[in-house]
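Chemist: What shape does this take:
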Amino acid sequence: MRWLRGVLPPVIVGLAAILAWQVTVTAGRIAPFILPAPSAIWRELVEQRQNVWEAALASGENALIGLIGGAVAGILAAMAASRFTALGEVSLPFAAVLNALPIIALAPILNNMFESTSSIPRRLVAGIIVFFPVFINTLRGLREVNPIHRELMHTYAASGWTFAAKVRLPGSLPYVFTGLRQASSLAVIAAVVAEYFGGLQTGLGSRITSAASFTAYPRAWAFVVGACLLGLTFYLSTLLLERLAMPYKTRLIS
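Modeler: Numbers count the residues shown, from 1 in each chain. Have a look, this model is predicted:
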């Protein structure tokens, strides 16, 4: 019943917000191009469910590849930065620069570097956006080592990489998954937004812009709902992976 107490309040609040949205749009006679009613969005979502599903698969593939690539790069970079002090000092400003890059500026540049039918630019955008939260959180976890563990490995004359593999990385798993939880949603956002700037017209972002350009605003919102569900799927999958990787954390919490 504990999970029910955690899930029920946000569900009730969400349903209340949707009801208030419906009443406000209907009673206020708000035009669909300003804000469609949830009922109209739902009808379009049902009618376009196959298109939404196919577009979500296309965007999800780009987001997943970008998430995996960016996460692996972030973890490896964090391990190297924690091992070499000079590299750590240089990598932090570099990571901050990557984090400051706006998607709307990065996506068009990458699209011009590759063919119009290539999905590489979108995956690169997602990977770059993912890199920063994974790198920063992993580096923080790698640097927070119990002094007793450090002294014990020093007694065993363990090498730097052995110390990182046996102590630093396992101890940093909570921080790694904190970064992955943040990155999972960011990967979907980056992949969808990157689709606004050309390339293959198979993803959610291109479908949103296409529907909006034809003033089919409820349909555009239906694809927005698909993007929201895709981001939620990524986030919940990351939570499940965290449970599987750290079952002891669940036992400690319960």
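Chemist: okay, CA-based contacts and neighbour counts for the rest of this
Modeler: Fine.
Chemist: Tell me the secondary structure of the closest residue to Y217 other than its chain neighbours, please.
Modeler: Distance criterion C-alpha to C-alpha, 6 or more residues apart in numbering; nearest residue to Y217, sequence neighbours excluded, is F33 at 5.8 Å. Per DSSP: H, G, I helix; E, B strand; the rest coil, the secondary structure class of F33 is coil.
Chemist: correct me, but F33 touches T215?
Modeler: Yes. Counting by C-alpha atoms under 8 Å, F33 does reach T215; the two are 7.1 Å apart.
Chemist: Dihedrals phi and psi, A212?
Modeler: With angles defined as degrees, to the nearest 10, A212 sits at phi -70, psi -40.
Chemist: how many other residues sit next to it?
Modeler: Neighbour count for A212, taken as other C-alpha atoms under 10 Å: 16.
Chemist: Spit out the contact partners of it.
Modeler: Shown in contact with A212 (C-alpha atoms under 8 Å, 6 or more residues apart in numbering): 219-220.
Chemist: Endpoints of stretch 209-221, how far apart?
Modeler: Taking C-alpha to C-alpha, to the nearest Å, stretch 209-221 runs 10 Å from one end to the other.
Chemist: Could you measure from I103 over to V130?
Modeler: Between I103 and V130 the computed distance is 12 Å (C-alpha to C-alpha).
Chemist: With neighbour numbers in mind, choose between those two.
Modeler: For the pair I103 and V130, the greater number of neighbours falls to V130 (33 against 20), based on other C-alpha under 10 Å.
Chemist: I'd say the more buried one and R181 touch.
Modeler: No. Using C-alpha under 8 Å, V130 makes no contact with R181, being 10.2 Å away.
Chemist: where do the contact lists of the two overlap?
Modeler: Listed as contacting both V130 and R181 by C-alpha under 8 Å, 6+ apart is no residue at all.
Chemist: can you tell me the average pLDDT over the helix ranked longest in the chain?
Modeler: For the chain, the helix with the greatest residue count under DSSP state H is helix 49-83. Averaging pLDDT along helix 49-83 yields 92.
Chemist: Off-centre distance for that helix?
Modeler: What separates the centre of helix 49-83 from the centre of its chain is 8 Å, taken as C-alpha atoms, centre = their mean, to the nearest Å.
Chemist: I'd like to know which elements it is packed against.
Modeler: Judged by 3 or more C-alpha pairs under 8 Å, 6 or more residues apart in numbering; DSSP states H and E, the packing partners of helix 49-83 are helix 85-100, helix 120-143, helix 173-194, helix 204-213, helix 217-245.
Chemist: Adding distance to M113, write the ones you listed out as a markdown table.
Modeler: Formatted as a markdown table, those follow (distance: least, C-alpha to C-alpha, whole Å):
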| stretch | distance to M113 |
| --- | --- |
| helix 85-100 | 18 |
| helix 120-143 | 8 |
| helix 173-194 | 14 |
| helix 204-213 | 19 |
| helix 217-245 | 26 |
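Chemist: residues in contact with the residue lying closest to V224 once chain neighbours are set aside?
Modeler: In this structure, V224 finds its nearest non-sequential neighbour in I208, 6.9 Å apart by C-alpha to C-alpha, 6+ apart. Neighbour list for I208: 219-221, 223-224 [criterion: C-alpha under 8 Å, 6+ apart].
Chemist: what pLDDT does I208 get?
Modeler: For I208, pLDDT reads 92.
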